[in-house]
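A.B. asks: I would like to see how this sequence folds:
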Amino acid sequence: MLQRTGYADSFIQALKSGMIYPIRDFENQKLEILSVATIGDIAVAYCGADIDLSIGAIKESAKLLQDNFAGVGIDEIREAFKLAASKKIDANLAAYSGQFTVRLFGDVMASYIEYRRPAVALIHQQIEIERQERELAVLAGKIAQAREAVVMQFKSIVAGSANPFTNYGDIPTNWCDILRGENLIFGDPATWIEAKRTVRERFMLQQRMIIPDDTLSAFDAKKAFAEMEHDETIFSNLLLPRAKVLYERLLIWKAITTSSQ
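C.D. replies: Model (predicted):
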């Protein structure tokens with residue numbers, strides 16, 4: 001991801017390493033040795049500094065690193081100076097009379113921190129994307145396993161195993177889509193008519209007995225009742241969702257009971 005934005009491979013590797021193991025996590029003595037050695041090598045290679053003249057500034061720079069730039073990794077120090085040398089960050093690498101300075105080091109690191117900030121954000125974004133992708137993959141696996149379990153149970157019941165359902169109302173509502181997708185049940189116009197008739201009759205009886213509807217508001221229930229009260233051929237669209245659920249359960253129930261006869 002980051003390569004396509006123009007960042008160099010070496011920067012990406014150093015940045016990722018620093019994010020995993022920043023210098024704040026180093027043991028003090030180890031950090032002092034590594035930072036002094038790294039900064040000393042950089043002072044000579046990138047600034048043309050005299051190591052003997054600059055040792056004091058190098059040690060102070062190591063302290064500055066620990067105090068102000070503890071979120072970066074050791075490898076990022078060299079990367080910062082490489083970026084400065086290639087003019088990708090704004091910092092002066094000239095050692096004064098061969099002497100490396102703490103200010104020079106601080107300027108380079110401060111510019112580097114600004115340079116790395118958007119890259120860190122991109123990495124965190126990519127990590128989050130990858131986390132979500134992993135979660136979706138796990139979820140997809142669980143869904144696939146659940147679907148397979150439904151298919152296997154249905155086939156087992158049809159083949160003669162004990163039916164765990166006492167009636168069609170016990171059948172889970174998600175079974176129909178799964179079994180239809182596996183071409184194990186098919187639509188049936190007569191069953192659809194039966195489902196709508198059953199839903200209509202139940203609803204009308206419930207309304208005449210002034211029993212509140214479980215899913216429709218009082219207004220919608222009255223509207224559906226009024227639509228169907230004087231014409232038995234009318235079926236309110238407000239009742240279609242429950243008719244669909246009943247229809248799917250009836251399809252499965254008939255497939256199960258027919259196979260057992």
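
A.B. asks: Quick one: list the elements packing against whichever helix in the chain runs longest.
C.D. replies: For the chain, the helix with the greatest residue count under DSSP state H is helix 102-158. Here helix 102-158 touches helix 9-20, helix 51-68, helix 74-85, helix 175-181, helix 240-259, going by 3 or more C-beta pairs under 8 Å, 6 or more residues apart in numbering; DSSP states H and E. Glycine gets a C-beta too; all of them are placed from N, C-alpha and C.

A.B. asks: Could you rerun that using 10 Å?
C.D. replies: helix 9-20, helix 28-47, helix 51-68, helix 74-85, helix 175-181, helix 240-259 (3 or more C-beta pairs under 10 Å, 6 or more residues apart in numbering; DSSP states H and E).

A.B. asks: Show me how far it is from its chain's centre.
C.D. replies: Here helix 102-158 shows a centroid-to-chain-centroid distance of 5 Å under the convention C-alpha atoms, centre = their mean, to the nearest Å.

A.B. asks: related to what we said a few turns ago, out of the helices and strands packed on helix 102-158, which is closest to residue 165?
C.D. replies: helix 240-259 (7.3 Å; C-beta to C-beta).

A.B. asks: For the longest helix of the chain, what does the pLDDT average out to?
C.D. replies: Helix 102-158 shows a mean pLDDT of 94.

A.B. asks: now it against helix 51-68, angle please.
C.D. replies: Put simply, helix 102-158 runs at 50 degrees to helix 51-68, going by axes from the mean of the first three to the mean of the last three C-alpha atoms, to 10 degrees.

A.B. asks: can you tell me which residues contact residue 199?
C.D. replies: 235-236, 239-247 (C-beta atoms under 10 Å, 6 or more residues apart in numbering).

A.B. asks: In space, what's closest to it - neighbours in sequence excluded?
C.D. replies: residue 243 (4.5 Å; C-beta to C-beta, 6 or more residues apart in numbering).

A.B. asks: and that neighbour, how many neighbours?
C.D. replies: By other C-beta atoms under 10 Å, the residues close to residue 243 number 21.

A.B. asks: Same question for residue 212.
C.D. replies: Neighbours of residue 212 (other C-beta under 10 Å): 10.

A.B. asks: Please report the distance of it from residue 222.
C.D. replies: 11 Å (C-beta to C-beta, to the nearest Å).

A.B. asks: For stretch 248-260, which residues meet the burial criterion?
C.D. replies: For stretch 248-260, the buried set under the neighbour-count rule, 16 or more other C-beta atoms under 10 Å, comprises 248-256.
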